[in-house]
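A.B. asks: this one's structure only:
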């Protein structure tokens, strides 16, 4: 059983959010909640809300699911649209300010995700 939660156009660069997403990849949801709760990164709050939404989706999808046995199956962060703004500079010039956004997807499952087998002898 797999449940998915997505958020689109979240303010924050994908690179910064990926740093936090890498901390909780392939972890138990309770362990991931603890990591996100005590993290000092700003993206941790957004990921914690999204993780709670994915858990709620799993409970709604199948009411007999045990939330203690759920694992983060997949988590990925893609770049969203970039808002471009102008900032006045000296001598009548202007600088481009980029306000980056991200698309975040979390998938939780009751089976732990297995790492893909590494190919042997491919030199």
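C.D. replies: Arrived safely, thanks for sending. Computed from a predicted model, the values in this text were never measured in an experiment. Residues are numbered from 1 along each chain as shown.

A.B. asks: how about the protein, which residue sits the furthest from its center?
C.D. replies: Summary for the chain: using C-alpha atoms, centre = their mean, the residue whose C-alpha lies farthest from the chain's mean C-alpha position is residue 91, with a distance of 42.0 Å.

A.B. asks: helix, strand, or coil at that residue?
C.D. replies: Under the three-state scheme (DSSP: H, G, I helix; E, B strand; the rest coil), residue 91 adopts helix.

A.B. asks: and it, what's its pLDDT?
C.D. replies: At residue 91, the pLDDT value in this model is 96.

A.B. asks: gap between it and residue 84?
C.D. replies: Summarising the geometry, the distance separating residue 91 from residue 84, computed by C-beta to C-beta, to the nearest Å, is 21 Å. Using the backbone N, CA and C atoms, a C-beta is placed for each residue, glycine as well.

A.B. asks: residue 105 touches residue 75, doesn't it?
C.D. replies: Yes: in terms of C-beta atoms under 8 Å, residue 105 counts as a neighbour of residue 75; the distance is 7.1 Å.

A.B. asks: when these two are compared, which one has more neighbours?
C.D. replies: residue 75 (25 against 17; other C-beta atoms under 10 Å).

A.B. asks: helix, strand, or coil at that one?
C.D. replies: Classification of residue 75 using three-state DSSP returns strand.
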